[in-house]
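Enquirer: Please find the sequence and the predicted model below.
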Amino acid sequence: MAKGSGCDKDVYKYQYYDDIRRCGTAVVGVKRPLRASALCLGSLTITSAKTTSMKVTIQLDRSLGGHDQPFTNTDSVCGFVNLNLPHEDAVTRITVELSGVLFSSVVATAINPLAGTEHASDKHKLLHLRHALFPPPDIHASPKGFSLQKGVKIFPFQFCIPILSACDDDKITVTHLNATLPPLFSVTGPHKRAISEMKYWLKVTIERPGRFKPDIIEEQELKFIPLDPSLPPPMLEPTSRRNSRNILPETTSPGPSPPRSASQHLDQHKVALEVTLPSPAIIQAKRSLPLQIFVFANETSAHSPPPIILRTLSVTLLTELTVIVGPNSTTWAIHHPLLSLTELRIVIRELIQPPGALSGDLWRGCIVPDLTPSFTTCTHMQQHFIVVTAGISRGHAGRIQMIKTTINVDLHSGIKPALLSTNLSEFEQDMEFEQLPHIPWRVGSEKHLGISRQTGSTSGRAAPPAYY
């Protein structure tokens, strides 16, 4: 459950006010002389200020370990910027930024085949929030800076992570989507044909006066996974996909097959493989697979042929990622095997009820891996598919012939908006659920989720989706 965190408002009393007041109003725009070193080159003397040893750290109000809960939409990112001054020093401005940038690179279309492989790159900023921590709002900034006394200065900050991305890119070749912020991820395509990375981080900048005083920068990466989309209750009808094929008869001799008689043409079996999921077609990371599999055989024969046998069964979760940079794009798939059964001897016409249904015990141990959830941005689309493959034969020793069915699904992380209180009546919970933020469904998922978009907008204030 995602739960926003807040900072104590009392800490927002600037703790460096006393330092400024104590120095008097004359400190504004005034720098005390710093120790300097001189370098003589003939008649020319160059004087430079001694490098400062001030240190800056970022302290968040929550830990950032690998097993800690990631940040999500509507969460508060708050903490303190600690500035350690071993001696009196001057500072012009202190700012803190929360950014989310999508970096991508794909193999570009070759203009000159002799030029070798070239990559087209893109840097897409989807989130950028900025707060000024120093000087205080009631004091005008000065290019000459402000003198801060020796000691540790603490500057509190707080950001609220939005639901939607906000592109600041003005490229006309890109269709900018008002979509939910994507999760943190980093992937590399086969043979390095594409590299893509989504990063979130905090950045603190200490600006210092003087030409020879570089700014001091401190960064802290953040782990982020978006909230699952808001969807209506499941429909009564499940989501299903079916594929069928003819099971070819066995050949008894090598070489070209002789012409088939009319009775042989009738000696055919048509087998159908159907995969069903509760609607909408959503699977959740680290949960069991809510799958149903049906196998049907329709035999047309003039005599009694060997029975149709299910010999093998496999289930794979396929992740497909498309990366677009201008006119260049690359799509590749990653296979995550969930189930692989061999040595099966299941007679199709003797399947359990309902007719054609395989026993769920076959895939009871299938757990959806903890993968990056499905997402769509201006330049990326990550989709997921469940691929079920069955091996069918005529008789127990016949040649195995494969049939495959694929169903498009959305993979969710399971992170939902949190109720402010758990000690509520059923009526109070319903009222609070109505006030929870609306998370838009993923752009591109409308068809396989059975959603009819009632508005052309995908903003957070759009009307809730409705099923076909």
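Expert: Sure, I can see it. Predicted, not measured: the structure shown is a model, and the values here were computed from it.

Enquirer: Any figure for the gap between Phe159 and Leu181?
Expert: Counting by CB to CB, to the nearest Å, the gap from Phe159 to Leu181 is 13 Å. (Glycine included, C-beta is placed from N, CA and C.)

Enquirer: measure Lys55 to Pro86 for me?
Expert: Taken as CB to CB, the span from Lys55 to Pro86 is 8 Å.

Enquirer: go on, Ile451?
Expert: Here Ile451 is placed at a distance of 59 Å from Pro86 (CB to CB).

Enquirer: the more surrounded of those two?
Expert: Ile451 (20 against 11; other CB atoms under 10 Å).

Enquirer: Now that we're looking at the more buried one, what pLDDT does it have?
Expert: Looking at Ile451, its pLDDT stands at 72.

Enquirer: my read: it touches Arg442, true?
Expert: No. The pair Ile451 and Arg442 fails to qualify as a contact (CB atoms under 8 Å) at a distance of 9.7 Å.

Enquirer: For Leu449, grab phi and psi.
Expert: phi -90, psi -10 (degrees, to the nearest 10).

Enquirer: any low-confidence regions in the chain?
Expert: 1-52, 66-67, 110-116, 168-174, 232-236, 250-268, 299-304, 350-354, 419-435, 452-468 (pLDDT under 70).

Enquirer: The same query, at a cut-off of 80, please.
Expert: 1-53, 63-68, 109-117, 167-176, 231-236, 248-269, 298-305, 349-355, 417-436, 447-468 (pLDDT under 80).

Enquirer: longest strand in it, by residue count?
Expert: strand 308-325 (DSSP state E).

Enquirer: Helix or strand for the residue nearest the centre of the chain, just tell me which one.
Expert: In the chain, the centroid-proximal residue (CA atoms, centre = their mean) is Pro183; its distance is 2.6 Å. According to DSSP states H and E, Pro183 maps onto no helix or strand at all.

Enquirer: Let the chain start at 475 from now.
Expert: Noted, 475 is the first residue going forward, which turns the last one into Pro657.

Enquirer: OK, contacts around it?
Expert: Pro657 sits next to Met672, Phe698, Ile699, Pro700, Thr846, Pro847, Phe849, Ser887 when contact means CB atoms under 8 Å, 6 or more residues apart in numbering.

Enquirer: give me the element Thr804 is part of.
Expert: Going by DSSP H and E, Thr804 is in strand 802-815.

Enquirer: contact partners of that strand?
Expert: Contacts of strand 802-815 (CB under 8 Å, 6+ apart): 580-583, 594, 663-664, 667-668, 763, 786-797, 836-837, 839-843, 845.

Enquirer: if I look at the closest residue to Pro801 other than its chain neighbours, how far off is Leu622?
Expert: Among residues not flanking Pro801 along the chain, Thr583 sits closest, at 6.7 Å (CB to CB, 6 or more residues apart in numbering). To Leu622, Thr583 is 54 Å away according to CB to CB.

Enquirer: And Pro657, by the same measure?
Expert: From Pro657 to Leu622 the distance is 39 Å (CB to CB).

Enquirer: can you check Arg823 too?
Expert: Counting by CB to CB - Arg823 and Leu622 are separated by 85 Å.

Enquirer: These two: which is more packed in?
Expert: The residue with more neighbours, out of Arg823 and Leu622, is Leu622; 21 against 11, by other CB under 10 Å.

Enquirer: just checking, that one touches Leu559?
Expert: Yes. In this structure, Leu622 is within contact of Leu559 by CB under 8 Å, at 5.9 Å.

Enquirer: Could you tell me how far Trp915 is located from Phe698?
Expert: 19 Å.

Enquirer: If you could redo that for Lys890, that was the one I meant.
Expert: Taken as CB to CB, the span from Lys890 to Phe698 is 16 Å.

Enquirer: who has more neighbours, these two?
Expert: Under the neighbour definition other CB under 10 Å, Lys890 and Phe698 were set side by side, and Phe698 has more, 23 against 15.

Enquirer: which phi and psi does the more buried one have?
Expert: According to degrees, to the nearest 10, Phe698 has phi -140, psi 130.

Enquirer: can you check Ala653 too?
Expert: According to degrees, to the nearest 10, Ala653 has phi -110, psi 170.

Enquirer: Around it, count how many other residues there are.
Expert: With other CB under 10 Å as criterion, Ala653 counts 23.

Enquirer: so who does the residue nearest to Gly834 when sequence neighbours are not counted touch?
Expert: Distances taken as CB to CB, 6+ apart put Gln766 closest to Gly834, at 7.3 Å, once the chain neighbours are dropped. By CB under 8 Å, 6+ apart, the residues touching Gln766 are Pro712, Val749, Thr750, Leu751, Ala831, Gly834.

Enquirer: these two touch, right, Leu923 and Trp915?
Expert: Yes. Contact status for Leu923 versus Trp915: in contact at 6.7 Å, counting by CB under 8 Å.

Enquirer: anything in contact with each of these two?
Expert: In the contact map built from CB under 8 Å, 6+ apart, the residues linked to both Leu923 and Trp915 are Leu705.

Enquirer: mind listing what the particular helix or strand that has Thr569 in it pairs with, with the direction of each?
Expert: Using DSSP H and E, Thr569 maps to strand 567-581. Counting by DSSP bridges, the strands paired with strand 567-581 are strand 593-608 (antiparallel), strand 668-681 (antiparallel).

Enquirer: taking those together, which one is wrapped up most tightly?
Expert: strand 668-681 (a mean of 19; mean count of other CB atoms under 10 Å).

Enquirer: Give the buried residues for the helix or strand following that one.
Expert: Of the helices and strands lying after strand 668-681 in sequence (DSSP H and E), the nearest is strand 690-696. Using 16 or more other CB atoms under 10 Å as the test for burial, strand 690-696 gives Ile690, Glu692, Gln694, Leu696.

Enquirer: so which of the residues you listed comes closest to Leu600?
Expert: Leu696 (13.6 Å; CB to CB).

Enquirer: Look up the closest residue to that closest one, ignoring the ones flanking it.
Expert: Here the residue nearest Leu696, using CB to CB, 6+ apart, is Tyr674, at 4.4 Å.

Enquirer: Spit out the contact partners of that neighbour.
Expert: Phe545, Leu572, Ser573, Gly574, Leu601, Leu658, Glu695, Leu696, Lys697, Phe698.

Enquirer: Would you check how far apart the closest residue to the fourth one other than its chain neighbours and Pro911 are?
Expert: What sits nearest to Gly574 in space, not counting adjacent residues and going by CB to CB, 6+ apart, is Leu601, at 3.4 Å. In this structure, Leu601 and Pro911 are 16 Å apart, going by CB to CB.

Enquirer: how close does Met855 sit to Thr796?
Expert: Counting by CB to CB - Met855 and Thr796 are separated by 5 Å.

Enquirer: how about the strands of the stretch 725-874 of the chain, start to end?
Expert: 742-751, 756-758, 766-774, 782-799, 802-815, 820-821, 849-850, 854-868 (DSSP state E, counting those that start in this stretch).

Enquirer: from those strands, which stretch is densest packed?
Expert: strand 849-850 (a mean of 22).

Enquirer: Tell me how many other residues crowd the spatially closest residue to Cys840 that is not a sequence neighbour.
Expert: The shortest distance from Cys840 to any non-neighbouring residue, by CB to CB, 6+ apart, is to Leu763 (4.3 Å). Residues lying near Leu763 (other CB under 10 Å) number 20.
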